[in-house]
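Novice: model this:
(2 chains)
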Number of protein chains: 2
Amino acid sequence: MSSVTESKIDVLVIGAGPSGLMLMTWLARLGIKARIVDKRFDRINSGQADGLQSRTFEIFDSLGFGQDVWREANHMLEIRFWNPGENKKLYRSDRIVDTMPGLSRFQQATLHQARIEDHLLKYIDKFSGIEVEYGVMPESLTIDADKVESDEYPISVTLRSLPRPDAKSPHVPADEREPRVPNGLYRSNLTADSTDEILQNAQATKETRTEKVLAKYVVGCDGAHSWTRRQIGSVMEGDQTDYIWGVLDIIPITDFPDIRYRCAIHSDSGSMMVIPREGKYVRLYIQVTEVDENGKAIDRFKITPQTLVQAASKILSPYKLSYKHCHWWTAYRIGQRVGSKFNAHDRVFLAGDAVHTHSPKAGQGMNISMHDTFNLGWKLASVVKGWAKRSLLTTYTTERRQIAKELIEFDQRFSRLFSGRPAKDVLDEGGIDLKTFKQVFDKGNLFASGCAVDYGASIIVAKHQAIENANGTGAVATIGKQELAPKIPIGMRIPSYKVLNQSDARPWHLQELMPSTGAWRVVVFAGDVLNPSQFSRLSALGKALSSPSSFLNRYKPEEDERLASFFEILTVHSSPRHEVELLSLPDIFHPYSEEYGWDYEKVFVDDVSYHEGHGQAYASYGIDTTRGCVVVVRPDQYVSWIGELEDVDDMERFFEGIFQ
Amino acid sequence: MSSVTESKIDVLVIGAGPSGLMLMTWLARLGIKARIVDKRFDRINSGQADGLQSRTFEIFDSLGFGQDVWREANHMLEIRFWNPGENKKLYRSDRIVDTMPGLSRFQQATLHQARIEDHLLKYIDKFSGIEVEYGVMPESLTIDADKVESDEYPISVTLRSLPRPDAKSPHVPADEREPRVPNGLYRSNLTADSTDEILQNAQATKETRTEKVLAKYVVGCDGAHSWTRRQIGSVMEGDQTDYIWGVLDIIPITDFPDIRYRCAIHSDSGSMMVIPREGKYVRLYIQVTEVDENGKAIDRFKITPQTLVQAASKILSPYKLSYKHCHWWTAYRIGQRVGSKFNAHDRVFLAGDAVHTHSPKAGQGMNISMHDTFNLGWKLASVVKGWAKRSLLTTYTTERRQIAKELIEFDQRFSRLFSGRPAKDVLDEGGIDLKTFKQVFDKGNLFASGCAVDYGASIIVAKHQAIENANGTGAVATIGKQELAPKIPIGMRIPSYKVLNQSDARPWHLQELMPSTGAWRVVVFAGDVLNPSQFSRLSALGKALSSPSSFLNRYKPEEDERLASFFEILTVHSSPRHEVELLSLPDIFHPYSEEYGWDYEKVFVDDVSYHEGHGQAYASYGIDTTRGCVVVVRPDQYVSWIGELEDVDDMERFFEGIFQ
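Specialist: The predicted structure follows:
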């Protein structure tokens, strides 16, 4: 054992799918010593996840590539419903908007997972040069419980380099009926977990290398068959149904008129969802009969692209469906499960499919998995760096477990609707009637946008705790004054409206001013700065923030850190742009540098633009245009606290709970 | 001489600045055998051009990278005017919008030339793999006049590989007063042309290699000191003034309040323009006194960053100005000149600064140079491929010479305004009064957007020839019916409004549907397709276009060409989106493929979108919503012809004039 190399690392990430890579964006950006390993040898380049929520685009935009993905993606604007009519003939029963207008500057869209991973990898490389170590998997993990609250390395992991798999990889279906079309069965819950088998094969191969890694933190982003989950004794709890669905990525040749719209189709031959994708592709989710003609449970080997397209044709009848191009296919059994534990000692964390699984039809999986680690990443980096107290980490579990539960409830409702047969008439209780379906669908759509997430009270969400959300993250030091900005709900991501740069009149979405740098934003809605008494209030705020004892000056990163300050002050006033001079505002709102002069990128105005209309930010946020208010926004764009311009002490107390 | 290698090429491009690279985008895209050489060894990475017009962004967008440049660029929204008041104190006298709202979806912006070249190079590489041959320059060029109308190689060019320059390169100013700041003096008209010197030095160096290239076409994009221009006996005609201006790229440290706005400043100490740029930089154009204290013409060696910032400070007084960062600087004498010839035998062409020079202040140079070759490229490719008649090439000179002349007139007016001293009062005839200044400025801004270009009648612009534009490009075969779409002027680039895809409701700017693929667009404004008599008209058009004798079927590229068809039919109807079924329209408007099914990317509708408003395309174009019309758009987005849905014969005649 003495020849095994041993090394130390701050964070070890297991699994390089979207959730592992999203975690790495924060670690890379903030200069954390981290490694990321994945048992796969090759990156996926077809199939898997494709749905992208509005909120996911907002996050991508905060990383600088939201607009690129947006342009490349297929946009889904309208959902169309098809049902059997009285003569049993399929007809278009309704159309609704997909993403509620005004919710976000981005709408639900589709682009395959590999392209998303490309962008994440490019970002990680740009900020850190860290590369994914492919073909490496952990084989043991121990936590020294005595060290978990110390600054040592409490976790010990053995990593094994795997032998490159031969042609009989799990990517190729055992029966090789469709050898040229990649499929996702090896990840499906219809097939057994191959993790142990892979490891045992590797251990049996003499020449594979192992190494010992001592880590401060480990994050398991290793998917539905998570190895990490088992190490910390987290158990998936929930149900598995008998509903089996097939998924087919094809370029459809069809006379079905709505093939480029997202469709929910119920027919007497089963249900189907149509998800149009980029590059002429369409993904079909096809209900597969649970039992065969003889009443026996269906054999998964009977599911092939051919049987799927036959099932789809039957559902779509009298419309025709065929294809020449199929990219990928899979099948799965509907189930919704959540891990019993999200972490061990707040040292080992689980994220993404490793801790919640559900059916893929609503396009949530990749999104919520990335949101898990977008939530965890900045917290982990802040604690590893010694900036924040370790208690910050408990909010990962409280915040994301709540979302996982909501996801599961959403998916149960959503899947049941889809897998049920259509109602014959109002007295048919076993069927799903169109009205119920649409109601659930509409409500679900808000959840599915990712913009409805509302985190409970904690040290980073200064709000009154509703009983049902009480999640034991300790006393709340201060309560924000929600009434000052009723449409900026504390605990939710800050909605975005356009404001203009005071210094050059360029319009920006407020969220665009909050890239994922790791900084907290103190957004000063300065009100009418031309009103002398309001100007006095602003001056007093400026003075308090500039004081040596203010949080701005008390909590500071070291000189050589990636982050110059934990706080960025952004000002949005409501006076006419033409009547305000930037330099008349207190210096702290547009800081001076010996090297670069005044900072022209901090003061904005809620005024009309020349080419992009009027953002009406104050009205949209519900903020008084004279008196304004101050809003504290977390590094991940969720709202922490709201107060008056005078409430600096309260803000201080809030930050004291987090920083050290 | 027998050891000299000899090779054949379709097009040789001399000079790899923006105009040469833009030419290459077309040649790369359409698979033309081409080479591009440049006498420089290193790409520039600071300074030079920075202004980007609205039209340039539209062109970039047609190449797929417009949005990237747009996001990276500094946007200029408002222009501010400063003048000496009654007490001689500088005051902000006015503010106007920079780009007229509604003109284009892009506004005037700034980004340095090297970033633009990056995008062009990436595009060229993507489509052709062709790389710029740096350190190579031509030393002889002969045209065999007997072969110019044949399909042979009438041009013979000797290329010489240059020795890599030593540290004393022309980039380093002779006096080395500011050795660490790159400057542009070596390209300035204040310094002598070094082209011959470079060539003679190379010829004196034994080990430099030469090769002989036989070319069908040569394009000189080799700048103000163009070698190619001299070979074809084109002479620069026009004036040089005594006005000398300095240019300084700095991060300014100043209390001047409008430093992030584009400013025109007139003071009793001279004039200055402020052009804010990306990355905190600002470019200052500073008037330098023509004569020194002793009445002697100023020595260019007296111009340094220090003297320039001193002059700027004097103009800006009482505001202070200094800097810690200077990227680049240069100085030039104002002059406006146009080449006497734009081509020789329509075999050798000149483009960009090689054939028109002017002062850089209005941010036109890089734009108009790229527009020259954006005009030439698709024509050249079409002729080289044998698709179009050679007479198409004559339109390059007629179209672009007209623009060069307009540019020069614009610049003369514009520069004179700037270099003149401000008027003391209304009786002061030698001075420039504020009102005149603003009027000329406003008018100039439309020209400066690049969207006002209006090409004269020719075989590719089917309009009545105004006397002053008569330019001898031969008889016009047909005249378009301008009255059917009064706001789509024939000869101008098609304005862009949003329309929705009939098949998925996604909004697109009409121009976005016209990427630079080389295809002509036949835009069928189909009117109200739910009206039975209009539907009959559309069906008849569909039938005529589908006929074997239609231009669609008569003029076709070979199977293996980059372009599947010379023509793309785009339909925009005016009926409500929800009431129209794509498949009810004649097949030719949404063609069927055995491999990909129906084409869902050809039919659009002028209707309201969910998230981006209503484009109101018909109203904006002035088209009758019932009857519609047909608009033919060139591969470079300029409008060629307009007619009724019945005018297929007329369209045929139009295309007969071009294709062979």
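Novice: Just want the most central residue of chain A.
Specialist: Geometric centre of chain A, nearest residue: residue A:371, 2.4 Å, by Cα atoms, centre = their mean.
Novice: Can you give me the distance of that one to residue B:629?
Specialist: Per Cβ to Cβ, to the nearest Å, residue A:371 is found 49 Å from residue B:629. Using the backbone N, CA and C atoms, a C-beta is placed for each residue, glycine as well.
Novice: Quick check: residue A:609 touching residue A:499?
Specialist: No: using Cβ atoms under 8 Å as the test, residue A:609 is too far from residue A:499 to be in contact (9.2 Å).
Novice: Now do the shared contacts for these two.
Specialist: Residues touching both residue A:609 and residue A:499 by Cβ atoms under 8 Å, 6 or more residues apart in numbering or on different chains: A:507, A:615.
Novice: of the two, who's got more company?
Specialist: Ranked by neighbour count (other Cβ atoms under 10 Å in any protein chain shown), residue A:609 and residue A:499 place residue A:499 first, with 28 against 18.
Novice: Verify the contact between the more buried one and residue A:573 for me.
Specialist: No: using Cβ under 8 Å, residue A:499 is not in contact with residue A:573, being 9.4 Å away.
Novice: where do the contact lists of those two overlap?
Specialist: A:604, A:605, A:606.
Novice: Tabulate those residues in CSV, adding columns for distance to residue B:447.
Specialist: Output for the shared contacts of residue A:499 and residue A:573, formatted as CSV (distance: Cβ to Cβ, whole Å):
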residue, distance to residue B:447
A:604, 32
A:605, 31
A:606, 34
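Novice: Show me the residues you listed that map onto helices.
Specialist: Judged by DSSP state H, helices contain none of the shared contacts of residue A:499 and residue A:573.
Novice: State the mean pLDDT of the lengthiest helix in chain A.
Specialist: Assignment by DSSP H gives helix A:394-419 as the longest helix of chain A. For helix A:394-419, the mean pLDDT works out to 87.
Novice: Can you give the distance of that helix from its chain's centre?
Specialist: Taking Cα atoms, centre = their mean, to the nearest Å, the mean C-alpha location of helix A:394-419 is offset from the chain mean by 13 Å.
Novice: Can you show me the CA trace of the following helix or strand past that helix as PDB?
Specialist: Sequence-wise, the next helix or strand downstream of helix A:394-419 (DSSP states H and E) is helix A:434-448. C-alpha atoms of helix A:434-448 as PDB (Å, rounded to 0.1, in the frame of the first residue of the first chain):
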ATOM      1  CA  LEU A 434     -59.100  17.800 -20.700                       C
ATOM      2  CA  LYS A 435     -60.000  20.600 -18.300                       C
ATOM      3  CA  THR A 436     -58.200  19.000 -15.300                       C
ATOM      4  CA  PHE A 437     -55.300  18.200 -17.600                       C
ATOM      5  CA  LYS A 438     -54.900  21.800 -18.700                       C
ATOM      6  CA  GLN A 439     -55.200  23.200 -15.200                       C
ATOM      7  CA  VAL A 440     -52.500  21.000 -13.900                       C
ATOM      8  CA  PHE A 441     -50.400  21.700 -16.900                       C
ATOM      9  CA  ASP A 442     -50.700  25.500 -16.600                       C
ATOM     10  CA  LYS A 443     -49.800  25.400 -12.900                       C
ATOM     11  CA  GLY A 444     -47.000  23.000 -13.600                       C
ATOM     12  CA  ASN A 445     -45.600  25.300 -16.300                       C
ATOM     13  CA  LEU A 446     -44.700  28.000 -13.700                       C
ATOM     14  CA  PHE A 447     -42.900  25.400 -11.600                       C
ATOM     15  CA  ALA A 448     -41.200  24.100 -14.800                       C
END
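Novice: Tell me which other helices or strands helix A:434-448 touches.
Specialist: When contacts are defined as 3 or more Cβ pairs under 8 Å, 6 or more residues apart in numbering or on different chains; DSSP states H and E, helix A:434-448 sits against strand A:78-84, strand A:90-97, strand A:262-267, helix A:394-419.
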